[in-house]
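> coordinates only, no sequence provided:
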């Protein structure tokens, strides 16, 4: 059985896909979201960085901003933006590393960027923005809350060693999962689990907790379809 740690709506969507592949799963969201009631003065001279579906869901709550210039991380985010009539999308990156390369181009370096984000940020991305002296400002438009406990079903299945694998879509989920295991005095090294992660960055987060590279499986691309293919190919480990 695989544990899905995504926020509830995303987790249900993934579980439905896995059910079609006859992969048994259990949902226990390790994070939740809340939109912030903030005022933003959108400026046509700025370029806005949108790196998540939650960012899009926050943006649609503002009126008359469909023509702001946006750069995007992920095709799923792009599709959601277009679905909500945001048309001035300048660039769609596979990940933040690719986005930094685009921002460093001579023709883009003079731009001023607004990083639309949550209270929990991508530290590597911020470090790169500063490293390459890219002008930017952060704007927090939604809040991530960390779950403080596992649900009862998760605890029971963990203690019975029935959860043989976990899927992570963020470094935040990795950190909170390990933290909660410690809270319940469950040794993650004794669980013999396989960890399926969306990116190399999340893999590095796993390794910080001394998880062996052999138990970490990285999605070929940072998107859901690639993750589902990875899970299907490794069904025997789940």
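That came through fine. Keep in mind that what you see is a predicted model, and the values were worked out from it rather than measured.

> break the chain down into its structural domains.
Structurally, the chain divides into domains by automatic domain parsing as follows: 33-145, 191-238.

> just how off-centre is the shortest one within its chain?
Right, domain 191-238. What separates the centre of domain 191-238 from the centre of its chain is 14 Å, taken as CA atoms, centre = their mean, to the nearest Å.

> for the lengthiest strand in the chain, the averaged confidence score.
With DSSP state E applied, the strand covering the greatest number of residues in the chain is identified as strand 136-146. In this model, strand 136-146 has a mean pLDDT of 95.

> do the same with stretch 154-171
Here the mean pLDDT over stretch 154-171 is 96, rounded to a whole number.

> still on that earlier bit, output the contacting helices and strands for the longest strand of the chain.
strand 31-35, helix 53-59, strand 112-118, helix 171-183 (3 or more CB pairs under 8 Å, 6 or more residues apart in numbering; DSSP states H and E). All C-beta atoms are positioned from the backbone trio N, CA, C, and that covers glycine.

> got TSV for those, with distance to residue 73 and mean neighbour count too?
Below are those laid out as TSV (distance: least, CB to CB, whole Å; neighbours: other CB atoms under 10 Å):
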stretch	distance to residue 73	mean neighbour count
strand 31-35	17	15
helix 53-59	9	21
strand 112-118	11	20
helix 171-183	15	18
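
> do you know which of those lies nearest residue 163?
helix 171-183 (10.8 Å; CB to CB).

> contact partners of the helix or strand of the chain with the lowest mean pLDDT?
In the chain, the helix or strand scored least confidently by mean pLDDT, DSSP states H and E is strand 31-35, which has a mean of 92. Contact with strand 31-35 is made by 5, 7-8, 54, 57-58, 61, 118, 141-147, 170, 172-173, 176, as judged by CB atoms under 8 Å, 6 or more residues apart in numbering.

> what pairs with the helix or strand following that strand, and is each one parallel or antiparallel?
Along the chain past strand 31-35, the next helix or strand (assigned with DSSP states H and E) turns out to be strand 46-50. With DSSP bridges as the test, strand 46-50 is paired with strand 69-73 (parallel), strand 112-118 (parallel).

> nearest to residue 40, out of these?
Proximity to residue 40 (CB to CB) singles out strand 112-118 among those, at 8.3 Å.

> now the helix or strand just after that closest one against strand 69-73, angle please.
Elements were assigned by DSSP H and E; along the chain past strand 112-118, the next helix or strand is helix 123-131. Compare the direction of helix 123-131 with that of strand 69-73 by axes from the mean of the first three to the mean of the last three CA atoms, to 10 degrees and you get 130 degrees.

> which neighbouring elements make contact with helix 123-131?
By contact count (3+ CB pairs under 8 Å, 6+ apart), the secondary structure elements abutting helix 123-131 are helix 96-103, strand 112-118.

> list the contacts of the longest one.
This points to helix 96-103. Taking contacts as CB under 8 Å, 6+ apart, the residues outside helix 96-103 that touch it are 49, 51, 71, 73, 91, 93, 108-109, 111, 113, 122, 124-125, 128-129, 132, 134.
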